[in-house]
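Undergrad: give me a 3D structure for the following:
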Amino acid sequence: MAGSLLLLGSSMPHHICRPSNRLSFSSDPRIHSQTRANYKLQFKEVLFSSHSACRNYNNKLKPVCSLDSQDAHPITQEPVELKRGKDFEQWDSTSAKFAAAANLPFLLLQLPQIILNTQNLLAGNNSALLAVPWLGMLTGLLGNLSLVSYFIKKMETEAVVVQTLGVLSTYVVILQLAMGEAMPFPQFIATSIVVASGLILNFMKYFNFLNPEIWHIWEDFILVVGLSTLSQVMWSTFIPYVPNTVLPGAIVFVSAVIAVLMSRTGKLSEKGVKFLGSISGWTATLLFMWMGVAQMWTNLLNPDNIKGLSAVSMLLAMIGNGLMIPRALFIRDFMWFVGSGWGSVFYGWGNLICLFCLNSISKEFFLAATLGFVAWIGLSFWKDAKAHGLSSPLTSLKELVFGP
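TA: Below is the predicted model:
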């Protein structure tokens with residue numbers, strides 16, 4: 001996963017980010033077909049010029065309560081005409097550029113860890129790879145893969161690129177763990193099949209080459225596998241303090257399959273469908289978020305292996321996720337904000353705390369990273385409040401969580 005476990009009510013105009021009609025991975029895949037040509041052009045601009053297409057728009061949709069994932073960012077909401085000041089337009093453009101700039105740290109994110117793993121593999125020091133928990137990497141990778149689907153439907157192209165880079169770089173680390181016998185080989189094969197299939201289907205969807213029914217099947221697969229994997233990994237993280245069993249994952253798997261079948265056959269109530277959609281949207285973010293928890297738990301259990309963890313990777317995770325916070329806050333995407341904030345605080349900065357406490361990084365390095373991060377968060381909220389004409393940065397947070 002990108003270093004954190006990247007993750008997420010206003011609606012954006014056609015050429016920016018079109019929110020989904022729900023956070024469920026089972027929304028109508030035909031919703032954005034008419035904007036596909038502009039979306040492809042935007043994707044090229046992000047890849048080759050790093051300029052965001054998110055600027056100079058005239059309409060904004062009213063934020064809604066983002067705690068209800070099913071109703072967040074409804075695509076059918078009519079635009080509200082508001083006076084746009086210079087500050088609003090500038091921060092809209094700047095926050096989108098920050099999200100695009102996150103490509104760089106995420107591209108480099110796993111590079112220090114990959115280099116360190118390579119050195120340990122060549123030296124025959126396979127035990128050092130145990131400092132990187134494969135369960136945490138797996139949840140992060142699946143979270144990134146699910147978020148690719150989420151952002152493709154939202155048409156947030158910068159985030160699509162970021163999550164794709166997270167998938168690819170994390171998979172390289174998982175490959176190294178398998179080579180060093182720090183990850184079971186059967187789980188590695190299964191992961192490889194899911195990653196390859198997911199990337200192919202996502203980008204077929206992106207270029208509108210995918211049959212809608214196949215996309216629905218993929219979304220249902222994401223929901224079932226995501227939920228069962230998340231529950232099993234959460235349980236397995238705390239072994240040997242809990243019994244070594246696959247029962248949690250099995251129970252959730254069966255329950256998810258039954259829920260999906262009931263939804264498909266129309267036997268699920270409207271509230272049930274709504275709840276299922278909410279779970280679907282948040283599963284990807286929770287998968288991503290658990291990567292940081294698994295890493296910090298590993299640090300506590302095996303402090304002697306902390307040298308196998310790259311401080312530069314943790315710093316890049318904090319920076320990359322931090323660069324996406326302003327955009328998530330600006331468009332009032334609560335799920336994206338939670339995922340990026342968690343990745344910055346717990347996976348990036350939290351692991352820097354562990355490294356500092358175990359004397360693996362200098363005091364100056366830690367203080368510089370901490371002060372820079374705090375200043376960035378403060379600046380993001382201040383600029384957002386100013387752009388939206390709000391009296392306090394705390395009002396931005398209130399709108400993000402509860403709506404206007």
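Undergrad: return the set of buried residues in the longest helix seen in the chain.
TA: For the chain, the helix that runs over the most residues, judged by DSSP state H, is helix 270-301. By 16 or more other C-beta atoms under 10 Å, the buried positions in helix 270-301 come out as 273-299. Where you see a C-beta, it was placed from the backbone N, CA and C, and this is true even at glycine.
Undergrad: quick check: next helix or strand after that helix?
TA: helix 311-330 (DSSP states H and E).
Undergrad: what comes up buried for that next one?
TA: The neighbour-count check on helix 311-330 (16+ other C-beta under 10 Å) flags 311, 313-330 as buried.
Undergrad: state the mean pLDDT of that helix.
TA: For helix 311-330, mean pLDDT rounds to 92.
Undergrad: which helices and strands sit right next to it?
TA: For helix 311-330, the packing partners by 3 or more C-beta pairs under 8 Å, 6 or more residues apart in numbering; DSSP states H and E come out as helix 86-101, helix 103-109, helix 111-122, helix 157-179, helix 334-342, helix 350-357, helix 363-387.
Undergrad: most tightly surrounded among those helices?
TA: helix 334-342 (a mean of 26; mean count of other C-beta atoms under 10 Å).
Undergrad: tell me the angle it makes with helix 311-330.
TA: 150 degrees (axes from the mean of the first three to the mean of the last three C-alpha atoms, to 10 degrees).
Undergrad: pLDDT on helix 334-342, on average?
TA: Averaged across helix 334-342, the pLDDT comes to 90.
Undergrad: still on that earlier bit, and the longest helix of the chain, how far from the chain's centre?
TA: 10 Å (C-alpha atoms, centre = their mean, to the nearest Å).
Undergrad: lowest confidence element among the helices and strands of this structure?
TA: strand 59-60 (a mean of 38; mean pLDDT, DSSP states H and E).
Undergrad: hmm, back to that, figure out which of the helices and strands packed on helix 311-330 is closest to Pro303.
TA: helix 350-357 (8.2 Å; C-beta to C-beta).
Undergrad: outside of that closest one, which residues touch it?
TA: By C-beta atoms under 8 Å, 6 or more residues apart in numbering, the residues outside helix 350-357 that reach it are 292, 295-296, 299-300, 306, 309, 311, 314-315, 317-318, 361, 363, 365-366, 369-370.
Undergrad: now do it against helix 311-330, angle only.
TA: 150 degrees.
Undergrad: using CSV, list the CA coordinates for helix 350-357.
TA: C-alpha atoms of helix 350-357 as CSV (Å, rounded to 0.1, in the frame of the first residue of the first chain):
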residue,chain,number,x,y,z
GLY,A,350,3.5,7.0,14.5
ASN,A,351,6.2,4.7,13.2
LEU,A,352,8.7,7.6,13.4
ILE,A,353,7.8,7.8,17.1
CYS,A,354,8.6,4.1,17.4
LEU,A,355,11.9,4.6,15.6
PHE,A,356,12.8,7.7,17.8
CYS,A,357,11.9,5.9,21.0
